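Student: give me a model of this one.
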Amino acid sequence: MSFSDLSIRFKIITLIGATSLVSLALSGLIFYAYDKSQYELTALRELQILAEIIGNNNTANIKYDSPPGALEILGTLVANKNIKIARIYDNNNALFAEYAINESFKLKYREFVNSKDTFAFVDKSLLVCRPIVFDDEKIGTIFLYSGLDDYSQRIKNFVNVFVIIFIATFIITLLISIRLQHFISHPIINLTKTMQRISVNKDYSVQMEEKGKDEVGQLIKGFNTMISQIDKQNLALNLAKEQAENSAKIKEQFLANMSHEIRTPMNGIIGMAKLLNDTLLGEDQKKYLGNITTSADNLLVIINDILDFSKIEAGKLEIENIEFNLHELLHKLEITYMQAASEKNLYFKLNIGDRVPEFIIGDPTRLNQILVNLLGNAIKFTEKGGVALVVKIDEQSHKESTLHFIVNDTGIGIAPEKRDLIFTSFSQASSDMTRKYGGTGLGLTISKQLVDLQRGNLKVESLVGEGSTFHFTLTFKHGKGLITKKAPEPITDDLEPQEVFKILLAEDNEINQLYVKTILQTKYQVVVAPNGLEVLNRLRDEHFDLILMDLHMPEMDGYETTYTIRNLADATQKNIPIIALTAAAIKGERDKCLAAGMNDYISKPFEPDDLFAKILEILKGHRKNIKHKKSPTFKKEITVDKSHKYVNLNYLNSIGEGDSKFKNELITIFKEQMPILNKQLHEAYTKENFNELSGVAHKAKSSVAMLGIEVLKEAMEKLEISAKQGTDVNNYPALIQTFEEISQLVLEEIKDLKF
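Tutor: As a prediction, the model looks like this:
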């Protein structure tokens, strides 16, 4: 572990201790050097004075040549233990007298004789040589050799004292630093702990107490400022996230509602067109009906494109991975578009490469959707020549193949500056294309996004007036070719009747009530409940074999109703089969239905045979050897009704199929509903409950539409939309008044009506 990895507390203590010890050591060295220099200077001065005194005392002895006298004076140095040698030399540097502390010193430093005043520190000793002067005349030289033994002892004592001081100082410094580091380390440690707590708890509202204005205080202040800014940013981000999530939920709910609201009337249009097609029609009527059916089918394609686009934008669309027969899918497209091409005198060619696998694993629905969009556009924008679909291998291994799909046409082409634009939502290469060819501009956008979702890339090459080539590559794993097709179980009407099965239709829309009841009543007994509460009431009083459950109903919707049924005490009622029957077509709706306890799901608009197949499959799962009631035959006819001012009975006659009782029952219900609806409209407006007002208007609109009362249908449609949006409130009284007045006239018109 390096020093940088240690805690700040340990670092502070270490730095303070090290700094103190270094300072103390430097102080000791400086003091030692100073003390040594002072000691040497003092010792030199003292020895020089001693030499001068001895020299002065021996001037007479040297002058009168008396070595014994000089030796006697030198003998007095025995009292000074530091003096090892003392020598007096005459003027010719000849030894005159000598004193030595012992014999071993007599030969030392004999060469250290100089006529000048000099000294030297040698081997822990001090040597001094000074001239002896008498009457300003040098008469000899004195040499003193002094040991520095007392200094060595002085140094030992100094070192001992210094070590004691050093250790004591270190301990005291350590204790003080441990205590004082708290003022620096504690705020920083608290800051670290606060940061860790914020990191774990994600609570950015925490603030530290600011103490002082030093660097640590500035650090804490900066930290608090930073956390406050992060907290504000988080609040803004959370608000933005909540708004985004709410927007996504609103968008998803809007998508579900719009899916239901759009597909419900589409179901009625397509269903009623099919029923109308079964009646006696003239040539012009068949032509008009064909146009209605074609327009409805085209509108359904547009609706599906918008729903698919919304799912992709919301990230709700997933790609399946199932095994399917690629060649079969391509040949079905060939049959479809060969017919479409021939109608415009165009050719259509399909070319499948030799090594293109027959069975692959992927999403056949989305691949088919991409090719349908590209081929449909190619046919639509081509007037001469034709269209070709080519599938070939780009790369291949024993496990997977990268397939290259090419759609080539000889159509109008695309200008270079418009090639990127065509993949933009709701865009076409030019504004006049929409007027001339129609379309929403979503087909290529959806195709590109579907290709992107499968990790491919959709590109286009085109020349204006010469045609376009769209191509994309997708990688698929190889299938095993073990797909087995389950033959659809035929729905037969020629079996001997054994039992009439009773079906409860939970549906709030009167048109769909009529449509579903009309197609089912030939085989089953059908009872209608307009909401979930009525379903529960009916179940209490009657026995039913199956429930067709709409999901979006007033009072209690299909999910809540199903949940309540599945929690009933009665085992028979609790386990009654339920099929979801709804116009909602968003992703996950089927899973939600099954999770809620429903047995199956069918989306509007549906084919009657599909509905019969679902019912038969569910009923057979609960009872064996079920037989259908043989279908009665009705004489279907249509007449032009000109006997009423407001009421048009053509629609009622077409769906009634000659069943006078059924039509009289509907007229009776209508007569009973009108006063009730009138009262509910006034009450909802008086209470300013516009949501309720919109719901009543919706119900009233469906009721008057059944009898072809267009003026009231339009009035209630305006009221429904305005009340739902809370706009044009000043117009509500007039619309309600219109409904009240005309409904009275209508009731007067049909008071004696009987079929």
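Student: need the helices for the stretch 251-400 of the chain, in chain order.
Tutor: Ranges of helices in the stretch 251-400 of the chain, per DSSP state H, counting those that start in this stretch, are 283-313, 326-343, 364-380.
Student: export those as JSON lines, with columns for mean pLDDT.
Tutor: JSON lines is the format used below for the helices of the stretch 251-400 of the chain (pLDDT from 0 to 100):
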{"stretch": "helix 283-313", "mean pLDDT": "68"}
{"stretch": "helix 326-343", "mean pLDDT": "89"}
{"stretch": "helix 364-380", "mean pLDDT": "90"}
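Student: most packed of the ones you listed?
Tutor: helix 364-380 (a mean of 20; mean count of other CB atoms under 10 Å). Where you see a C-beta, it was placed from the backbone N, CA and C, and this is true even at glycine.
Student: that one: how far from the chain's middle?
Tutor: Centroid displacement of helix 364-380 relative to its chain, using CA atoms, centre = their mean, to the nearest Å, is 32 Å.
Student: sorry, back to before: can you add distance to residue 161 and give the helices of the stretch 251-400 of the chain back as CSV?
Tutor: As requested, these are exported to CSV (distance: least, CB to CB, whole Å):
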stretch, distance to residue 161
helix 283-313, 88
helix 326-343, 101
helix 364-380, 94
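Student: out of those, which comes closest to residue 101?
Tutor: Minimum separation from residue 101 across the helices of the stretch 251-400 of the chain (CB to CB) falls at helix 283-313, 113.3 Å.
Student: give me the element residue 131 is part of.
Tutor: strand 125-134 (DSSP states H and E).
Student: return the set of buried residues in that strand.
Tutor: By neighbour count on 16 or more other CB atoms under 10 Å, the buried set for strand 125-134 is 125, 126, 127, 128, 129, 130, 131, 132.
Student: alpha carbons of the strand or helix carrying residue 528, as CSV, please.
Tutor: In the assignment (DSSP H and E), residue 528 maps to strand 525-529. What follows is strand 525-529, C-alpha atoms only, in CSV (Å, rounded to 0.1, in the frame of the first residue of the first chain):
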residue,chain,number,x,y,z
GLN,A,525,-79.2,-17.8,-28.5
VAL,A,526,-77.7,-14.4,-27.8
VAL,A,527,-78.4,-12.1,-24.9
VAL,A,528,-76.9,-8.6,-24.8
ALA,A,529,-75.5,-6.8,-21.7
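Student: tell me, how many residues neighbour residue 707?
Tutor: Neighbours of residue 707 under the rule other CB atoms under 10 Å: 23.
Student: one step back: so which of the helices of the stretch 251-400 of the chain is nearest residue 740?
Tutor: helix 283-313 (33.0 Å).
Student: spatially central residue for this structure, please.
Tutor: A centroid search over the chain (CA atoms, centre = their mean) returns residue 241, at 10.0 Å, as the residue closest to the centre.
Student: contacts only, for the nearest residue to residue 281 once chain neighbours are set aside.
Tutor: Excluding the flanking residues, the one nearest residue 281 by CB to CB, 6 or more residues apart in numbering is residue 289, at 6.5 Å. Contact analysis of residue 289 by CB atoms under 8 Å, 6 or more residues apart in numbering lists 273, 276, 277, 281.
Student: quick check on those: which are buried?
Tutor: 273, 276.
Student: what is the nearest of the contacts of residue 289 to residue 375?
Tutor: Residue 375 has its nearest neighbour among those in residue 273, at 26.4 Å by CB to CB.
Student: wait, the closest one sits on residue 288?
Tutor: No. Contact criterion CB atoms under 8 Å: residue 273 and residue 288 do not qualify, at 10.3 Å.
Student: any buried residues in the host helix or strand of residue 200, and which?
Tutor: Using DSSP H and E, residue 200 falls within helix 182-201. Under the neighbour-count criterion of 16+ other CB under 10 Å, helix 182-201 has 184, 185, 187, 188, 191, 194, 198 buried.
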